[in-house]
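Asker: prediction below, plus the sequence it came from.
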Amino acid sequence: MGMISNMIAVVTRDTRLEGLKQRWGTSNQADFLLGAAVGHEVERRRKVRAKRGLAVSDQDIDAFAESAVALTDREAYEQEDTQYNQSLKQLFRELDLGIPVREVDRGFLANFDFGRCLAVVVIGQDGLVANAAKYVGDLPVIGVNPDPARYDGLLLPFQVREARAAVQRVLNQRARYQKITLAEVNTITGQRMLAFNDFFVGCRSHASARYTLDVNGNREAQSSSGVLISTGAGATGWMSSVFNMAAGVSRFVSGGDVQKLTLARDERKLMWAVREPFVSRHSSAENVIGILNDEDELVIGSQMPTQGVIFSDGVEDDFIEFNSGDIATFSVSQQQVRLAIG
């Protein structure tokens, strides 16, 4: 039996155009349906104007069409797809280092064995780094920006032409890293999940989530639209919307503002907040926001007979069922991400 060699994993994802092809079968069919969507939107706007007794000129029709094309964004889909695939081909050429390279689609991250990998290269948007980092353990992560003109790349410090040198530095143990704190949840049913940005705890539907929340010995029954538990990396994402809402309400009611809480990516802390808590005979809202320091725990007990879920980083398909009787404990994870930065 031959020796099993080490390898470099390259994490990829489908482009939006590839997603359309999977949905509609072929590129031509996708183009046809996008074009039909433009036609339907133009006709809808024409009818709205006609109902109001407003004349519709040829210039109006042209403006409707231009606006509808912008909504479908077909040309942008095609440009994005072309650029991504060109960058991916170039990346594989750059990584011709005499070590096997294995492509891993985002959809298979949870099932892929990273045990034989020397490094993990992620080429995509920032969110793909967040998706991949939870599954790679202590392996170094190299984020590559396939399209700097389109993506900010806060977690993608390298361009494609820089990937070869970045990987070589990692392999030669000369790379510089930024450590990023992860959040962790463990349930009494033995399930464990990590979050790069945040956890969401709540109901799969739009129904209110019912649960008990216990932090530092303070326990209360709550009903809300869910609980967010955020890392420093996620503090500027979903969690920031909570502060935006609070600030808007505060300005409207009192003219004052609300200062946002922030955490550095490497801080051994988490931030949590209850979304839209409801006060009733059976629920209160005394504890709605807080900080978890290293070794602190936030314990949530589900009171949802069905549809209760916990998912991380906005990936709703990768979830833990969280129904009545289950208890989840959230904490700072001992596992950290090592993101190569130089």
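Answerer: Nice, I can see it.
Asker: now do the contacts for Ser284.
Answerer: With contacts taken as Cβ atoms under 8 Å, 6 or more residues apart in numbering, Ser284 has the following neighbours: Glu220, Ala221, Gln222. For the C-beta atoms, the positions are set from N, CA and C on the backbone; glycine is no exception.
Asker: please disregard the earlier target; I meant Asn287.
Answerer: Applying Cβ under 8 Å, 6+ apart as the definition, the contact partners of Asn287 turn out to be Leu213, Val215, Asn218, Glu220, Val274.
Asker: mind listing the helices for this protein?
Answerer: For the chain, the helices defined by DSSP state H cover 16-24, 27-51, 58-72, 74-94, 126-133, 163-171, 238-254.
Asker: rank these by pLDDT, which is bottom?
Answerer: Out of the helices of the chain, the stretch the model trusts least by mean pLDDT is helix 58-72, with a mean of 58.
Asker: narrow the contacts of Asn287 to those in strands?
Answerer: When DSSP state E defines the strands, the subset of the contacts of Asn287 inside them is Leu213, Val215, Asn218, Glu220, Val274.
Asker: quick check: closest non-adjacent residue to the third one.
Answerer: Right, the one you point to is Asn218. The shortest distance from Asn218 to any residue that is not its chain neighbour, by Cβ to Cβ, 6 or more residues apart in numbering, is 5.7 Å, and that residue is Asn287.
Asker: how close does the one you found get to Ile300?
Answerer: 11 Å (Cβ to Cβ, to the nearest Å).
Asker: and for Ala163?
Answerer: Using Cβ to Cβ, one obtains 41 Å as the distance from Ala163 to Ile300.
Asker: which residues touch Ala247?
Answerer: Contacts were defined as Cβ under 8 Å, 6+ apart; by that measure Ala247 touches Asp257, Val258, Lys260.
Asker: could you dump those residues into CSV with distance to Ala133 added?
Answerer: Compiled in CSV, the contacts of Ala247 are given as follows (distance: Cβ to Cβ, whole Å):
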residue, distance to Ala133
Asp257, 34
Val258, 30
Lys260, 24
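Asker: in stretch 195-209, what counts as buried?
Answerer: Within stretch 195-209, the residues that qualify as buried are Ala195, Phe196, Asn197, Asp198, Phe199, Phe200, Val201, Gly202, Cys203, Arg204, Ser208, Ala209, counting by 16 or more other Cβ atoms under 10 Å.
Asker: which residues does the fourth one bridge with?
Answerer: Counting by DSSP bridges, Asp198 forms beta bridges with Ser230.
Asker: surely it touches Thr236?
Answerer: No. Using Cβ atoms under 8 Å, Asp198 makes no contact with Thr236, being 10.8 Å away.
Asker: measure the residue lying closest to Ile310 once chain neighbours are set aside to Phe330 for me?
Answerer: For Ile310, ignoring the flanking residues on the chain, the nearest one in space by Cβ to Cβ, 6+ apart is Ile320 at 4.4 Å. Between Ile320 and Phe330 the computed distance is 12 Å (Cβ to Cβ).
Asker: those two: who's more crowded?
Answerer: Neighbour totals were compared for Ile320 and Phe330, and Phe330 leads with 25 against 20 (other Cβ atoms under 10 Å).
Asker: I figured the more buried one hits Thr187, correct?
Answerer: No. Because the distance of 10.3 Å does not satisfy Cβ under 8 Å, Phe330 is recorded as not touching Thr187.
Asker: if we can go back for a sec, separate out the buried members of the contacts of Ser284.
Answerer: Glu220, Gln222.
Asker: tell me which of the contacts of Ser284 is nearest to Gln178?
Answerer: In terms of Cβ to Cβ, no member of those lies closer to Gln178 than Gln222, at 35.4 Å.
Asker: for that closest one, give the beta-bridge partners.
Answerer: The residues that Gln222 bridges to, once DSSP bridges is applied, are Tyr211.
Asker: hang on, isn't it packed against Val215?
Answerer: No. At 11.5 Å, Gln222 and Val215 do not qualify as touching, with contact defined as Cβ under 8 Å.
Asker: between these two, what contacts are shared?
Answerer: Residues touching both Gln222 and Val215 (Cβ under 8 Å, 6+ apart): there are none.
Asker: re earlier: between Ala163 and Ile300, tell me which one has more neighbours.
Answerer: Using other Cβ under 10 Å as the criterion, Ala163 and Ile300 rank with Ile300 on top: 27 against 24.
Asker: pull up the distance across stretch 112-129, start to finish.
Answerer: When the termini of stretch 112-129 are compared using Cα to Cα, to the nearest Å, they are 15 Å apart.
Asker: the lengthiest strand in the chain packs against which elements?
Answerer: Secondary structure of the chain per DSSP E: the longest strand is strand 327-340. Using 3 or more Cβ pairs under 8 Å, 6 or more residues apart in numbering; DSSP states H and E as the contact test, the elements touching strand 327-340 are helix 126-133, strand 140-145, helix 163-171, strand 177-187, strand 269-274, strand 289-293, strand 298-302.
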